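**Q** here is my input, please return the structure:
(2 chains)
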Amino acid sequence: MKLLIVDDQSYNRDLLRFIMEDEGHECIDAEDGVQALSQLEHHQDIDVVLMDVNMPNMDGIEATRRITAKDKAQRVAIIFITALDDDSVLSRCLNAGGDDFIPKPINESILIAKVNANYRSINNQKKLAEANKKLDEFNSQVKNDHDIVESVFENIKSLAPTRIENIKTYTSPMSMFNGDIILSCASPSGGAYFLLGDFTGHGLPAAIGSLPVMSIFYNSAKRQCSISEIAQEINNQLHKVLPTGLFLCATIGYINKNGDQVSLWSGGMNDAVLFNKSDLSIKLIEGEHMPLGIHEKGEFNNSIQVYTVNKNNILYFYSDGINEAQNDKLDLFGDERVYDIIRNQYQNSSYCPTKKIVSEVEVFSGTSEQRDDISILEVSCLPCIHRNITNNDVLSPEKVTYKVDCFPWSLDIAICKDDLKSIDVINQVSEFLGTIPQVERHKDKLFTIISELYNNALEHGVLGLSSDIKDSPQGFEKYYELRDQKLDEITDEFINIKLEYIKSKHNFIKIQVIDSGAGFLTKDTSHSSEESSLTHGRGISLIKELSSSLEYINDGRHAIACYQFDV
Amino acid sequence: MSISSQLSSSNTELIITVDGRFDASLLDEFRLSYESVPDTVKKYIVDLKRTEHLDSSALGMLLVLRDFAGGDKSNVEIANANSEVKKIFTISSFEKLFNVQ
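**A** Alright, predicted model coming up:
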């Protein structure tokens, strides 16, 4: 410990120094207040000052006032040494910032005890100040980090170049760090995908969890995946990467281009509200499932709910930050208030329930510490209108999402032997087509065409089955029994599929399917598509309807279909 | 299971739900779902809300069901078809044979 002894009497200074040095402490002297200030300036490591009151030049009280004014962090303890005969002097000493006093005449053991006690206290003070400083630094670091992560998320969101007029969202600032996530994205088919989610847990873990969710969501939307597939994929990823106990309550939805059908997958969320403007009725849609990230791949239930809706319908989804908002009396905001706002707001001219719900929740929770972040998603069931995010122009989503120009390509696939027995061949081809820019949004139709051509080649060509067998329901069964039998007997048969992307005034996918069979096209099969209630012949009519041309050559061993599309 | 079926409480309706791809691979499963229902069943509902795709053999299977349910007097409803699937129904004029919802 280092002490500064301030006294104008050299006798007093010597006495104090003698006692303190005997205790093993280092001592410095000052004869008055002025000297005391300059000594403290030079020796930053002084812990305790023993201060006389009456001194020439500057007295102890004034010196103390100046020391404490400078020493905001209270690194120095000041102990007055004074006679206890004047209460007003004592109180002035303490008011000036003194920590303690020792009565004259000095009692050696009281002096030592008080100096030690004050030293301890000043030491704690210093540790606390240091800890506080570190905490401040840490907090500002965390804020910095959050700002960075938040801006990364904003950037990812802005990757979606369109905004959907039917979908309105509200989310409180920095809510990502409370685990809330709201996404929407145009489907190339003209519909729109949306997602409202709420991670368990707070802070960075929740924010990190939303990264895979976002990338799966946007990628799946581009590939026109079904809601089931998106839910399944997000679940599988989260289950893999998140620790147990961290999971995502979410509703994932899709509204089709015409705005008359909505599909939903919902797990662990509040009931969604299906509001009808015409009669102000509210239908609740319960979540059916466990949250995302809990179940293993095989256990996950990806079944969805499908609703037929009309222009009077509006859907509301909200996070539990709203219904679980508390006021000072610990009452909950609850769901009924939300429903009432939706009904009442529609009767008002200023129809914007989303804003109203947010402001009502704010008023309700007031200054309550319990305030959570809130997120709301509103979907109006109208034909989807997509707007450019920068200039607000109305756009067809396929124009925006698929600016990538694709070069011409061709693809040859040879399927033989055991591969012909696999039911999955066409699925794989179709999945592959779904990854090619510009072709992906035609995946479904191409799948149908290729699958029908392939089945014809396999069943009539390679296996030599006649459609006539299917004329009766019994025959239909018989036909597929024969099909399985003959598949087992396959030796060195093959089917080749050739796909070409031809760029010209119109863009084509040219599909050729060639099989090793004996040829199946005879005169009487050509008109089978005209008959409407037979159990066969539909494949060809489907292909004809979906493609711009269909031609069978080489007695049916070789099919050529063209699928035309605009870019 | 890709196909599940459920009788209504009054045993007059059978709901058959098809998961994923509806094609020839589901032939047996689909037939088994309605073959042994009681005589009281008057209406068949094929729920396609979880069906991603269907091909012409599935159309054939639906026709077999229609035949089983009484042909022209049958009451078979196709529910919750997505727009792609609906399109296939339209192209094949299936809307005339089934009650497509």
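
**Q** any idea how far A:V262 lies from B:N80?
**A** Using Cβ to Cβ, to the nearest Å, A:V262 is found at 11 Å from B:N80. Yep, even glycine has a C-beta here, placed from its N, CA and C like the rest.

**Q** now do the buried residues in stretch A:227-244.
**A** Neighbour counts over stretch A:227-244 (16 or more other Cβ atoms under 10 Å in any protein chain shown) mark A:227-239, A:242 as buried.

**Q** related to what we said a few turns ago, shared neighbours of A:V262 and B:N80, anything?
**A** Common neighbours of A:V262 and B:N80 (criterion: Cβ atoms under 8 Å, 6 or more residues apart in numbering or on different chains): A:V306.

**Q** give me every residue in chain A lying close to chain B.
**A** A:226, A:228, A:256, A:261, A:263, A:302-306, A:308, A:423, A:427, A:444-445, A:447-448, A:451-452, A:455, A:470, A:473, A:476-477, A:480, A:483, A:532-533, A:535-536, A:538-539, A:541-542, A:545-546 (Cβ under 8 Å from any Cβ of the partner chain).

**Q** need the longest helix for the chain.
**A** In the absence of a named chain, chain A is used. In chain A, with assignment by DSSP state H, the single longest helix is helix A:108-157.

**Q** chain B was what I was after
**A** Per DSSP H, chain B has its longest helix at helix B:56-68.

**Q** beyond it, next helix or strand please.
**A** Sequence-wise, the next helix or strand downstream of helix B:56-68 (DSSP states H and E) is strand B:76-79.

**Q** please see if that following strand touches chain A.
**A** No - Strand B:76-79 lies out of reach of chain A by Cβ under 8 Å from any Cβ, never closer than 8.6 Å.

**Q** and the residue sitting nearest the centre point of chain A, how far from A:L196?
**A** Nearest to the geometric centre of chain A sits A:S210, at 2.9 Å (Cα atoms, centre = their mean). Here A:S210 is placed at a distance of 12 Å from A:L196 (Cβ to Cβ).

**Q** need the contact partners of the longest helix of chain B.
**A** So helix B:56-68 is in contact with A:452, A:455, A:470, A:473, A:476-477, A:480, A:533, A:535-536, A:538-539, A:542, B:22-24, B:26-27, B:30-31, B:34-35, B:44, B:46, B:74, B:76, B:78, B:88, B:92, B:94, B:97-98, going by Cβ under 8 Å, 6+ apart.

**Q** Throw together a PyMOL command that grabs the buried residues out of those residues.
**A** Per 16+ other Cβ under 10 Å, the buried members of these correspond to this PyMOL selection:
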select buried, (chain A and resi 452+455+470+473+476+477+480+535+536+538+539+542) or (chain B and resi 22+23+24+26+27+30+31+34+44+46+74+76+78+88+92+94+97+98)
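
**Q** inside strands: which ones of the contacts of helix B:56-68?
**A** Those of the contacts of helix B:56-68 mapping onto strands are B:F22, B:Y44, B:V46, B:V76, B:I78, per DSSP state E.

**Q** A:C185 belongs to a helix, doesn't it?
**A** No - assessed with DSSP: H, G, I helix; E, B strand; the rest coil, A:C185 is strand; it does not lie in a helix.

**Q** and it, how far from A:I216?
**A** 11 Å.

**Q** so these two - more neighbours on which side?
**A** A:C185 (25 against 22; other Cβ atoms under 10 Å in any protein chain shown).

**Q** state the distance from that one to A:S172.
**A** 22 Å.

**Q** and for A:D99?
**A** 46 Å.

**Q** so between the two, which is more surrounded?
**A** Between A:D99 and A:S172, counted using other Cβ under 10 Å, the more crowded position is A:D99 (21 against 18).

**Q** pretty sure the more buried one contacts A:I78?
**A** Yes - between A:D99 and A:I78 there is a contact under Cβ atoms under 8 Å: 5.5 Å.

**Q** show me the domain layout of chain A.
**A** What automatic domain parsing lists as the domains of chain A is A:2-129, A:158-395, A:409-564.

**Q** and the residue of the stretch 51-200 of chain A nearest chain B?
**A** In the stretch 51-200 of chain A, the residue that lies nearest chain B is A:S189 (8.1 Å; Cβ to the nearest Cβ).

**Q** meant to ask about the stretch 101-250 of chain A
**A** Closest contact between the stretch 101-250 of chain A and chain B, by Cβ to the nearest Cβ, is at A:S226 (5.7 Å).

**Q** next, the contact list for that residue, please.
**A** A:Y254, A:S263, A:I304, B:E52, B:N82.

**Q** please give the element, helix or strand, for the second one.
**A** Pointing back at A:S263 there. strand A:261-267.

**Q** who touches A:E452 in this structure?
**A** A:G539, A:I540, A:L542, A:I543, B:D55, B:S56.

**Q** out of those residues, which one sits closest to A:I282?
**A** Taking Cβ to Cβ as the measure, A:I282 lies nearest B:D55 of the contacts of A:E452, at 40.2 Å.

**Q** that closest one and chain A, how far apart?
**A** 5 Å (Cβ to the nearest Cβ, to the nearest Å).

**Q** tell me the pLDDT of that residue.
**A** Listed pLDDT for B:D55 reads 84.

**Q** need the phi and psi values for it.
**A** When read as degrees, to the nearest 10, the backbone of B:D55 gives phi -120, psi -170.

**Q** can you name the residue of the stretch 251-400 of chain A nearest to chain B?
**A** For the stretch 251-400 of chain A, Cβ to the nearest Cβ, closest residue to chain B: A:V306, 4.4 Å.
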